[in-house]
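In: curious how this folds, go ahead:
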Amino acid sequence: MCAVLIGGMDRLRREYMAVADELGVTLKVFTGQERSIKKQLGEPDMIILCTGKVSHAARQEAVAHASERAIPLEMVHSSGVSSLRRCISGLA
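Out: Numbering: from 1, shown residues only. Just a heads-up that it's a prediction; the model follows:
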């Protein structure tokens, strides 16, 4: 399984990856400050969007990508590791 995290904090990237590995999920992490992420998203099983830590442009790209491809989109305000764990647990 593969998930994409958009937003979050750079300093927690290592913990995000550890939680995903622990739950058997491959995780791509984007901080949300990138210019364009649409080409890099691919076809994940889930997109997790941290709304408190993401640019409007990245949010719009993620929502459009998810709706075009019928990919489940989870929007959470918190960018903590426990929020990510809850989202990924629902996927597995």
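
In: and residue 36, that one's in a helix?
Out: No. Under DSSP: H, G, I helix; E, B strand; the rest coil, residue 36 falls outside any helix and is assigned coil.

In: right, and it touches residue 64 too?
Out: No. Using C-beta atoms under 8 Å as the test, residue 36 is too far from residue 64 to be in contact (12.0 Å). All C-beta spots, glycine's among them, are computed from the backbone N, C-alpha and C.

In: how about the strand or helix carrying residue 21: buried residues?
Out: Residue 21 is part of helix 13-22 when elements are defined by DSSP states H and E. By neighbour count on 16 or more other C-beta atoms under 10 Å, the buried set for helix 13-22 is 16-17, 19-20.

In: can I get the helix or strand hosting residue 85 in CSV, CA atoms only?
Out: Residue 85 is part of helix 81-91 when elements are defined by DSSP H and E. The C-alpha coordinates for helix 81-91 follow below in CSV (Å, rounded to 0.1, in the frame of the first residue of the first chain):
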residue,chain,number,x,y,z
VAL,A,81,2.4,11.7,14.1
SER,A,82,-0.6,10.4,16.0
SER,A,83,-2.9,12.0,13.4
LEU,A,84,-1.0,10.3,10.6
ARG,A,85,-1.2,7.0,12.5
ARG,A,86,-5.0,7.2,12.7
CYS,A,87,-5.3,8.0,9.0
ILE,A,88,-3.0,5.1,7.9
SER,A,89,-4.7,2.7,10.3
GLY,A,90,-8.0,3.3,8.5
LEU,A,91,-6.2,2.4,5.2
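
In: alright, I will stop here.
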